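[1] Build the 3D model from these lines:
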Amino acid sequence: RDTAKSTVIESDCRYFSPDWSSDEWPLTWIEGDLLNQATKLSLISGGIVKLSSGPSFSKLKVALLCDNKKMRCISANIISSMEQLRVLDLNKCISLTGIPDTIGNLGSLELLDLSRCINLIPVPWSIGRLKNLKCLPMSGCSTLIHLPESLGKVSQLETLDLSMCARLRALPQSIGFLSSLQHLNLFSCCSLHHLPTSIALLKELTFLVLSGCINLSCPLPWIDQIKIVTGWQEARTMAIPIDCWKLGQLEFLHLCSLKKITYLPQLVGKLQHLRHLNLSNCRSLEFLPNDIGSLFLLEKVDLSHTAIRKLHNTLGHLTSLITLCLRGCSRLLCIPPPVCTLQSLQLLDMAECWDVVILPDELGKEGALPELLELDLSGCSIKLLPCFLLGSLGKLQKLNLADRQHLLSLPETLGNLTSLERFDVEDCKSLVSL
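    Have a look, this model is predicted:
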């Protein structure tokens, strides 16, 4: 079908959306200046193999070329003609092997979406000329090995998503010059071994995801190396540069599944804006520093499946904490009594904490955890529960005691949990009666 399917006027925009089965641009059906006047172009899920040449797109602001699975390349001239372009969407162009150097001529470009371009290898040096680029999603570019140093010149960049770039070996040192960067996602960049020290210069960074970077490591500060050699300190390993803990604007820090992180430094207390801290599956992580108690805005802490043995009393200072996940912390012995005073906590997950044999008596006192909605103690080794005074756990709705082989009895004061809606004691084989 060699005719345009629709030309729709949206306010002052001309929107062009053809329907075709042609393999290559240009199309012989173009008449007049239809495309020359278009400001939005949609070629989503087309059959294009090569976008080679065609009309001028001098007024085009939005180009949606996503999901063209056969498209291998785009003409440099086509890109050059889009001088007013603000959005270029190439998401899921899985055969695309590169983008032309003329991309650097698009001075108005704000969004360049290269997500899931699984055969994209080079990113042109000219990308450093995109002074207005704000968002660069490159998630799932699985053959991407490196990024050009010129990336540091994209001064307006706010979001850089490199998640699941499995072959990415390094970030450019120039990344520290991205003074506007707020979101950096490196999820599952499993070939990434080090972060550049310049990352500590990203003073506007609020969202940092390093989860799944299983080979990430970092040399210890020289003073710690001396302490280890002289026997003053046990051997420890870090995963990220020490100065990263000084990124005071961070709100979300996800460090899941980092194999080489055994501890957090005291500098964690510098993250005064932190709201979410995810350390799940850091299976070598054994302890947290006291200074974690100074993170007064912290809302969620996930320590599930870590080697944590002890929690500090300073956790009781986290007045904004809503979720505390300790699931699968098989070496944890107990929770500190001050945790029972947390005024905002709604979820306490201690499932599969096999070595926990006792709960603090403070859990049953009047006013304990007044906002708690769910308490999961399944799989723990606790034999007895504390006596619940009237007014303790006043909003508790779900109590999970399933699979507790050592639970002998339930307190008669269980009825004081007046908001309880769900109570699970499945497979508590030592429990004689209710």
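[2] residues contacting Ala76?
    Counting by CB atoms under 8 Å, 6 or more residues apart in numbering, Ala76 touches 100-102. Placement of C-beta: from N, CA and C, glycine included.
[3] wait, doesn't Leu399 sit right on Leu375?
    Yes. The pair Leu399 / Leu375 is scored as a contact, 5.4 Å apart, by CB atoms under 8 Å.
[4] just to revisit the earlier point, would you mind listing which of the contacts of Ala76 are buried?
    Buried members of those, counted by 16 or more other CB atoms under 10 Å: 100-102.
[5] Please name the nearest non-neighbouring residue to Cys340.
    Leaving aside its chain neighbours, Cys340 sits nearest to Glu362 (4.0 Å; criterion: CB to CB, 6 or more residues apart in numbering).
[6] just checking, that neighbour touches Thr341?
    Yes. Here Glu362 reaches Thr341: they are 7.2 Å apart, a contact under CB under 8 Å.
[7] pLDDT below threshold where in the stretch 51-200 of the chain?
    By pLDDT under 70, the weakly predicted segments of the stretch 51-200 of the chain are 52-55.
[8] cutoff 80 now
    For the stretch 51-200 of the chain, the stretches with pLDDT under 80 are 51-57.
[9] Also the stretch 301-434 of the chain?
    Along the stretch 301-434 of the chain, segments meeting pLDDT under 80 span 382-385, 390-391, 403-412, 425-434.
[10] at 50 what do you get?
    Scanning the stretch 301-434 of the chain for pLDDT under 50 picks out no residues.
[11] Would you state the strands of it in chain order?
    Under the criterion DSSP state E, counting those that start in this stretch, the stretch 301-434 of the chain contains strands at 323-325, 347-349, 374-376, 398-400, 422-424.
[12] Of all these, which one is nearest Met82?
    Of all the strands of the stretch 301-434 of the chain, the one in closest proximity to Met82, counting by CB to CB, is strand 323-325 (45.7 Å).
[13] roughly how far is that closest one from the heart of the chain?
    17 Å (CA atoms, centre = their mean, to the nearest Å).
[14] Neighbouring strands - and their directions - for that strand?
    strand 300-302 (parallel), strand 347-349 (parallel) (DSSP bridges).
[15] what sits up against the last one?
    Counting by CB under 8 Å, 6+ apart, strand 347-349 makes contact with 304, 322-327, 339, 369, 372-376, all of which sit outside it.
[16] how does it look with 10 Å?
    For strand 347-349, the surrounding residues in contact (CB atoms under 10 Å, 6 or more residues apart in numbering) are 300, 302-304, 321-329, 335, 339-340, 342, 363, 369, 371-378, 396, 398, 400.
[17] Give the ChimeraX command for selecting the buried subset of those.
    This is the ChimeraX syntax for the buried subset of those, where burial follows 16+ other CB under 10 Å:
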select :300,302,303,304,321,322,323,324,325,326,327,328,329,335,339,340,342,363,369,372,373,374,375,376,377,378,396,398,400
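[18] Helix, strand, or coil at Ala63?
    Assigned state for Ala63: strand (three-state reduction, DSSP: H, G, I helix; E, B strand; the rest coil).
[19] and if you look at Gly47?
    Per three-state DSSP, Gly47 ends up coil.
[20] hmm, back to that, if I look at Leu399 and Leu375, which residues touch both of them?
    Shared contacts of Leu399 and Leu375, defined by CB under 10 Å, 6+ apart, are found at 393, 417, 420.
[21] Counting neighbours, which of these comes out on top?
    Leu393 (26 neighbours; other CB atoms under 10 Å).
[22] got the contact list for that one?
    340, 363-365, 367-373, 375, 399, 416-420.
[23] Now intersect the residues you listed with the helices, please.
    Among these, the subset assigned to helices under DSSP state H is empty.
[24] which stretches of this protein form helices?
    Counting by DSSP H, the helices of the chain are 34-37, 76-81, 222-229.
[25] what's the neighbour count on Gly415?
    10.
[26] swap that for Leu390, sorry
    Neighbour number of Leu390 under other CB under 10 Å is 11.
[27] residues touching it, list them.
    366, 413, 415-418.
[28] Just send those residues back as CSV, with distance to Asp291 too.
    Listed next are the contacts of Leu390 as CSV, based on distance: CB to CB, whole Å:
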residue, distance to Asp291
Glu366, 31
Thr413, 37
Gly415, 41
Asn416, 37
Leu417, 35
Thr418, 38
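[29] thinking again about what came up before, between Glu362 and Thr341, what contacts are shared?
    Common neighbours of Glu362 and Thr341 are listed as 316, 368-369 (criterion: CB under 10 Å, 6+ apart).
[30] Would you mind measuring from the closest residue to Cys256 other than its chain neighbours to Cys189?
    Sequence neighbours aside, Ser211 is the residue nearest to Cys256 in space, at 3.6 Å (criterion: CB to CB, 6+ apart). To Cys189, Ser211 is 10 Å away according to CB to CB, to the nearest Å.
[31] Kindly report the same for Leu326.
    27 Å.
[32] Name all residues that make contact with Leu372.
    Leu372 touches 340, 342, 344-348, 363, 392-399, 419, counting by CB under 10 Å, 6+ apart.
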